[in-house]
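**Student:** Let's see this in three dimensions:
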Amino acid sequence: MAKGNGFIGEFKKFILRGNVVDMAVGVIVGGAFTSIVTSLNQDILTPILGIFGGTDFSNLVVKLGSGEDAPVLAYGNFITAVLNFLITALVIFCIVKGLNAINDKFKKKEEAPAPAAPTTKICPYCKSEIAIDAVRCPHCTSQLNQ
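**Tutor:** Below is the predicted model:
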């Protein structure tokens, strides 16, 4: 079997493609970013909201039944997860919006419109402005050289 052919060769080509590497980096950075946002929510925002609301979301539970082994519905953790999601979505939205604005500024500078082709020229004899394809000046009637 020739080197680079077959299943292993295709897999190697797939892994080394730029899209896959970029996606892997994005997933890793996204995981780290999620832990930062979770910490922001649990360690900073939830206690601040607890001051105004008088409660910490993580302590909100409903005991389903009686006794020590009764199941507990921890809806406060769900509220915390929803807040984490909303904060993460807001921060990502702001980052993408900022990057798009920067990208648009650079594109506008790079894509300056080319100047339009001239449609007139100056008669070398009378210095009047005439059509670019004129062979005789309409003002002084001089014969023009192409």
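
**Student:** distance of residue 76 from residue 116?
**Tutor:** Distance, residue 76 to residue 116, by C-beta to C-beta, to the nearest Å: 66 Å. For the C-beta atoms, the positions are set from N, CA and C on the backbone; glycine is no exception.

**Student:** In terms of packing, which of these two has more residues around it?
**Tutor:** A direct count of neighbours by other C-beta atoms under 10 Å for residue 76 and residue 116 places residue 76 higher, at 17 against 6.

**Student:** Domain map for this protein?
**Tutor:** Split into domains by automatic domain parsing, the chain comes to 6-112, 116-146.

**Student:** Quick one: mean pLDDT for the last one?
**Tutor:** Read it as domain 116-146. Model confidence over domain 116-146, given as mean pLDDT, is 87.

**Student:** residues contacting residue 137?
**Tutor:** Residue 137 is in contact with 123, 125, 126, 128, 130, 144, counting by C-beta atoms under 8 Å, 6 or more residues apart in numbering.

**Student:** State the helix or strand in which the third one lies.
**Tutor:** In this assignment (DSSP states H and E), residue 126 forms part of neither any helix nor any strand.

**Student:** picking that back up, just flag whichever of the domains of the chain has the lowest average confidence.
**Tutor:** Sorting the domains of the chain by mean pLDDT places domain 6-112 lowest, at a mean of 80.

**Student:** Can you pull up the most central residue in this protein?
**Tutor:** Central residue of the chain (C-alpha atoms, centre = their mean): residue 96, 3.6 Å from the mean position.

**Student:** measure it to residue 27 for me?
**Tutor:** 17 Å.

**Student:** burial count for residue 121?
**Tutor:** 14.

**Student:** Then residue 42?
**Tutor:** 16.

**Student:** helix/strand/coil for it?
**Tutor:** helix (DSSP: H, G, I helix; E, B strand; the rest coil).

**Student:** What residues of the longest helix seen in the chain count as buried?
**Tutor:** For the chain, the helix with the greatest residue count under DSSP state H is helix 75-110. By neighbour count on 16 or more other C-beta atoms under 10 Å, the buried set for helix 75-110 is 76, 80, 83, 84, 88.

**Student:** Brilliant, that's me finished.
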